[in-house]
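J.: below are the sequence and a predicted model for it; my questions follow.
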Amino acid sequence: MSRRGVQVTVAGAAVVMAALVVAALGRPVPLLSRPVDDRTVTLLETVTTDLPTPPTATTATSAAALPFEPSPLLVAFVQIVVVLTAVVVLVVIAQLLRSLLRRRPHLAQHEEPDFAIPLVPSELLEAARDRLRDLETGEPRNAIVAAWLGLETSAAATGLPRLRAETSTEYTERVISVWPVDSQRLGDLAALYREARFSVHELGEEHRRRAIADLRILVDDLDRVSAEQSGQTEAPTAASRPRRQEEA
């Protein structure tokens, strides 16, 4: 279920629960009333005024005109059913909120002190550059979807496992956010992908320009991180050679 669908479901459930609570706390409303016997009324109207009216007929007519009063046991049963329904609705809302919180992007992961930031895979950089070129041609919706799917395919080259509760899009966001890249650009590109993948309205050149700008900055950031990681990897080797020569 999408986030918008979950929000609509939660709002509808809250309205239903509020209506049930109001109905449970309100006074009982007469639901049924016994119909008046038309034959008795017609008979009473045709009788002459000088004849005395039987007291039993008056009593019966007055009793028939009174509304039906439910028994206290019926009222208590209805209130119990309403309360149980409200409890079930609350449980459903709690489960929906829990599911929604679980599916939020886990971009704050890997802050453990023993976590080693992996090297930027060459596959990821090559895929990002290729998709950057592909974004400039074709229909904007298809180009944006293809650009993000290319990142998703190459994100697994880092070796970071995918969490059980996250989608492929959230996994890609989490993997790329391991390196010091522009998180706002990454989030905007992911939002454009979701809009292009799941929406029905038209996407235009403005969406394409946003995607190109986001991906270009991400490519520059990944290039910078890759260059820094390469320099850190080669520096100890270059520094160790003079020592070996001196020892020799």
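T.: Cool, the structure landed.
J.: give me the number of residues near residue 196?
T.: A count of neighbours around residue 196, defined by other Cβ atoms under 10 Å, yields 22. All C-beta spots, glycine's among them, are computed from the backbone N, C-alpha and C.
J.: and it, what does it touch?
T.: Contact partners of residue 196, counting by Cβ atoms under 8 Å, 6 or more residues apart in numbering, are 140-142, 144-145, 203, 207.
J.: again, only this time at 7 Å
T.: Going by Cβ atoms under 7 Å, 6 or more residues apart in numbering, residue 196 touches 141, 144-145, 203.
J.: I'd like these as a markdown table, with distance to residue 211 and neighbour count appended.
T.: Shown next, in a markdown table, are the contacts of residue 196 (distance: Cβ to Cβ, whole Å; neighbours: other Cβ atoms under 10 Å):
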| residue | distance to residue 211 | neighbour count |
| --- | --- | --- |
| 141 | 10 | 19 |
| 144 | 5 | 29 |
| 145 | 10 | 19 |
| 203 | 10 | 19 |
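J.: ok, so of the residues you listed, who is nearest residue 176?
T.: Here the nearest of the contacts of residue 196 to residue 176, counting by Cβ to Cβ, is residue 144; it sits at 16.2 Å.
J.: correct me, but the closest one touches residue 193?
T.: Yes: contact criterion Cβ atoms under 7 Å: residue 144 and residue 193 qualify, at 6.0 Å.
J.: picking that back up, which members of the contacts of residue 196 are the farthest-apart pair?
T.: Spatially, the most separated pair among those is 145 and 203, at 9.8 Å (Cβ to Cβ).
J.: where in this structure is pLDDT low?
T.: 1-68, 96-115, 233-248 (pLDDT under 70).
J.: in it, which spans are helices?
T.: Counting by DSSP state H, the chain has these helices, from start to end: 3-25, 38-46, 55-65, 72-102, 122-134, 140-155, 168-176, 183-198, 205-247.
J.: count the residues that sit near the spatially closest residue to residue 182 that is not a sequence neighbour.
T.: Nearest residue to residue 182, sequence neighbours excluded (Cβ to Cβ, 6 or more residues apart in numbering): residue 217, at 5.2 Å. Around residue 217 there are 17 other residues, counting by other Cβ under 10 Å.
J.: any idea how this protein splits into domains?
T.: The chain breaks down into these domains under automatic domain parsing: 3-102, 122-229.
J.: just the terminal-to-terminal distance for the longest one.
T.: Using Cα to Cα, to the nearest Å, the end-to-end distance of domain 122-229 comes out at 12 Å.
J.: then stretch 198-206?
T.: One end of stretch 198-206 sits 18 Å from the other (Cα to Cα).
J.: how about that stretch: buried residues?
T.: Residues of stretch 198-206 classed as buried by neighbour count (16 or more other Cβ atoms under 10 Å): residue 203.
J.: also stretch 124-134?
T.: For stretch 124-134, burial by neighbour count (16+ other Cβ under 10 Å) applies to 124-125, 127-129, 131-132, 134.
J.: lovely, talk soon.
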